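S.K.: my questions are about this predicted structure, shown below with the sequence.
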Amino acid sequence: MSLLKLENITKRFGGLIAVNKVSLEISKGEFVGIVGPNGSGKTTLFNVISGVYFPEEGRVIFDGQDITTLQPYKRAPLGIGRTFQIPRPFASATVRENVAVGAMFGTLSGKVSVDESLEIADKTIERVRLQEHKDKPAGALTPVEKKLMEIARALAMKPKLLLMDEAMAGMHPNDIDQMVAFIKQIAVEEKIAIVSMVEHIMRAVVGMAEKVIVLHQGSKIVDAPTKEALEDPKVVEVYLGHPPEE
Ligand SMILES: Nc1ncnc2c1ncn2[C@@H]1O[C@H](COP(=O)(O)OP(=O)(O)OP(=O)(O)O)[C@@H](O)[C@H]1O
Ligand SMILES: [Mg+2]
C-alpha cells in the first residue's frame, strides 16, 4: 500500500488551473523529487497535500485514510511534516523553542511533555548543526540558518512523510551535499518518505531522489526513476524551451 496517493487532483484559483488532474503515489521511505519551472504548480500541490488548500477535484489518501478535506493541523499528527518555501518561524521565540513546537504538534502530539519536546529539539538541532544558535531568537538567524531550522522543526515532528518546499534554496553547493546526505541518513533511519519540491537545485534532486515527477503548467508530464526522468525529451523541452535535437 502506498503511503501517499493523489487521485486526479485539480486545484484552481479563479480561472487559473494551478494543478491539473495530477495523480501520483509515494511509498513508505521513498525519496521523490517534484520539479518544474516557476509557476508549474509545485507549491500548490504541496499545499493540497498538507491541507492548506482543498482541491476542487480528486482525492488525497494518506496511509489508507482519505484526508482530502482534513484540516492541516490534523494532518501533522498523522505523520505529514513540512517545511515552507519561505520560512515562517516564531521570530521572537528561540530556535530551540521553534523546533520544540514541531515535536509538540507532530506524530508525538499529546504524547510528549514540554521538557521531552525540548529534548527532542536539542537532538534535532544538533543534527542540523545549529547548536551554537539554539538560544538565539529565530528572527536573528541568517536565511540559510532559517532553512536549517525549518528542516529541524519538520524532523522533530517525526513524520512518515516529509514535504520539503525548496528547503535548500540559497545554500552553498557543499552545504547542499552535506544536507542531502544528512537528510537521507535520518530518513533511512526513521523510515521517512521525503517529497522534495525543487526547481533550480538539480544537485539536490539528483543526490536525493529515487524518483522524479515533473510538473508543467499544472500537469504531470513525467513520473520515472531519476535518471530516466531527467533525460526525458519532454523534460529537456520544458527546461530549455525546445527539444534536445534542435
Ligand atoms: N493563492 C494563489 N492565488 C492565485 N493564484 C495562485 C495562488 N498560488 C499560486 N497561484 C498560481 O498558481 C500557479 C502555480 O503556482 P505555484 O506557486 O504552485 O508554482 P510553483 O511551481 O511552486 O512555482 P515556483 O517555482 O515559483 O515556486 C501560478 O500560476 C501561480 O501564480
Ligand atoms: Mg513554489
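M.R.: Received, thanks. Ligands and ions are numbered 1, 2, ... in the order given.
S.K.: can you list the domains in the chain?
M.R.: For the chain, automatic domain parsing gives the domain ranges 1-79+159-246, 88-158.
S.K.: Throw these into JSON lines and include mean pLDDT, thanks.
M.R.: Output for the domains of the chain, formatted as JSON lines (pLDDT from 0 to 100):
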{"stretch": "domain 1-79+159-246", "mean pLDDT": "88"}
{"stretch": "domain 88-158", "mean pLDDT": "92"}
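S.K.: identify whichever of the ones you listed lies nearest to ligand 1.
M.R.: domain 1-79+159-246 (3.2 Å; CB to the nearest ligand atom). For every residue, glycine as well, the C-beta is placed using N, CA and C.
S.K.: hmm, that closest one touching ligand 1?
M.R.: Yes. Domain 1-79+159-246 is in contact with ligand 1 by CB under 6 Å from any ligand atom, via 13, 16, 18, 36, 38-44, 199.
S.K.: if we look at the helix or strand hosting I17, which residues are touching it?
M.R.: Assigned by DSSP states H and E, I17 belongs to strand 16-26. When contacts are defined by CB atoms under 8 Å, 6 or more residues apart in numbering, strand 16-26 is touched by residues 2-12, 32, 41, 44-45, 48, 55, 57-58, 161, 193, 195, 213, 215, 217-220, 223.
S.K.: of these, grab the buried ones for PyMOL.
M.R.: Buried members of these can be picked out in PyMOL with the line below, counting by 16 or more other CB atoms under 10 Å:
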select buried, resi 2+3+4+5+6+7+9+10+11+12+32+41+44+45+48+55+58+161+193+195+213+215+218+220+223
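S.K.: what's the first helix or strand after the longest helix along the chain?
M.R.: In the chain, taking DSSP state H as the definition, the longest helix is helix 173-190. Using DSSP H and E, the helix or strand that follows helix 173-190 in sequence is strand 193-197.
S.K.: re earlier: among the contacts of strand 16-26, which are in helices?
M.R.: 44-45, 48.
S.K.: so which of those residues comes closest to D232?
M.R.: Nearest to D232 among the ones in helices among the contacts of strand 16-26, counting by CB to CB, is L45 at 19.2 Å.
S.K.: hmm, back to that, distance between the longest helix of the chain and the chain's centre?
M.R.: Computed by CA atoms, centre = their mean, to the nearest Å, the chain-centroid distance of helix 173-190 equals 14 Å.
S.K.: kindly export it (C-alpha atoms) in PDB.
M.R.: Once non-C-alpha atoms are left out, helix 173-190 reads as follows in PDB (Å, rounded to 0.1, in the frame of the first residue of the first chain):
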ATOM      1  CA  PRO A 173      26.600  23.600  -3.100                       C
ATOM      2  CA  ASN A 174      28.800  22.000  -0.400                       C
ATOM      3  CA  ASP A 175      26.200  22.600   2.200                       C
ATOM      4  CA  ILE A 176      23.600  21.100  -0.100                       C
ATOM      5  CA  ASP A 177      25.600  17.900  -0.500                       C
ATOM      6  CA  GLN A 178      26.000  17.700   3.300                       C
ATOM      7  CA  MET A 179      22.400  18.400   3.900                       C
ATOM      8  CA  VAL A 180      21.300  15.800   1.300                       C
ATOM      9  CA  ALA A 181      23.500  13.200   2.900                       C
ATOM     10  CA  PHE A 182      22.200  14.100   6.400                       C
ATOM     11  CA  ILE A 183      18.500  14.100   5.400                       C
ATOM     12  CA  LYS A 184      18.900  10.800   3.600                       C
ATOM     13  CA  GLN A 185      20.500   9.300   6.700                       C
ATOM     14  CA  ILE A 186      17.800  10.400   9.000                       C
ATOM     15  CA  ALA A 187      15.100   9.400   6.600                       C
ATOM     16  CA  VAL A 188      16.500   5.900   6.200                       C
ATOM     17  CA  GLU A 189      16.900   5.600  10.000                       C
ATOM     18  CA  GLU A 190      13.400   6.800  10.700                       C
END
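S.K.: alright, calling it a day.
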